[in-house]
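Engineer: Sharing a model prediction with you, sequence too.
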Amino acid sequence: MAKALSLFVLSSSAHAFVARPISSRSAISSYSPLKMSEIEVVSQPNKDFLEQKGVFNWGTWGCGVSKFPWTYDESESCYLLAGKVTVTPDDKSLKPATFGKGDFVTFPAGMSCTWDVSEAVQKHYMFF
């Protein structure tokens with residue numbers, strides 16, 4: 001007896017990942033990977049936004065003024081407690097992002113970039 005093959009597309013929203021089935025052969029043959037997302041910056045979100053995401057229970061990380069390459073194997077969201085950074089994706093079709101203290105930032109999985117830290121950074125972060 002032949003078994004049916006089930007394929008799913010993983011899509012994300014601001015709060016969750018959802019698997020939805022691909023229901024037809026034409027959908028499977030026409031499926032192509034999504035273009036990499038931009039860096040998303042939420043400027044100065046309110047306390048309710050941060051508490052809803054559980055930011056204050058996440059790990060912390062920091063670094064001094066520096067410039068270094070980084071690749072995101074997973075998506076990351078972070079909330080800056082201090083500092084100022086410009087992150088420039090290696091993929092020139094994506095826009096650089098500058099953010100600082102009080103900003104909430106999400107980086108897409110698979111992105112390679114350069115972090116240019118102009119003021120020492122301290123942040124809460126979570127990989128997903």
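Structural biologist: Here it is on my side, so go on.
Engineer: you'd agree K53 is up against K47?
Structural biologist: No. In this structure, K53 is not within contact of K47 by CB atoms under 8 Å, at 11.0 Å. C-beta here means a position set from N, CA and C on the backbone, and glycine is covered the same way.
Engineer: More neighbours: the two, which one.
Structural biologist: Using other CB atoms under 10 Å, the more surrounded residue of K53 and K47 is K53, with 18 against 9.
Engineer: how about the nearest residue to the more buried one, chain neighbours excluded?
Structural biologist: If you skip the residues right next to it in sequence, K53 has S77 as its closest partner in space, 7.1 Å away by CB to CB, 6 or more residues apart in numbering.
Engineer: With D103 as the reference, measure out to the one you found.
Structural biologist: 11 Å (CB to CB, to the nearest Å).
Engineer: re the thing from before, what pairs with the helix or strand hosting the residue nearest to K53, parallel or antiparallel?
Structural biologist: Assigned by DSSP states H and E, S77 belongs to strand 76-89. Counting by DSSP bridges, the strands paired with strand 76-89 are strand 97-100 (antiparallel), strand 104-107 (antiparallel), strand 112-127 (antiparallel).
Engineer: how far is it from where the chain is centred?
Structural biologist: Relative to the centre of its chain, strand 76-89 is centred 11 Å away, using CA atoms, centre = their mean, to the nearest Å.
Engineer: what's the answer for stretch 67-76, then?
Structural biologist: 10 Å.
Engineer: pLDDT score for the spatially closest residue to L50 that is not a sequence neighbour?
Structural biologist: The shortest distance from L50 to any non-neighbouring residue, by CB to CB, 6+ apart, is to Y79 (6.3 Å). You'll see Y79 listed with a pLDDT of 98.
Engineer: before we move on, what about M36?
Structural biologist: At M36, pLDDT is 71.
Engineer: and the gap between it and D90?
Structural biologist: 11 Å.
Engineer: Please identify every residue contacting each of those two.
Structural biologist: Taking CB atoms under 8 Å, 6 or more residues apart in numbering as the criterion, M36 and D90 both touch M111.
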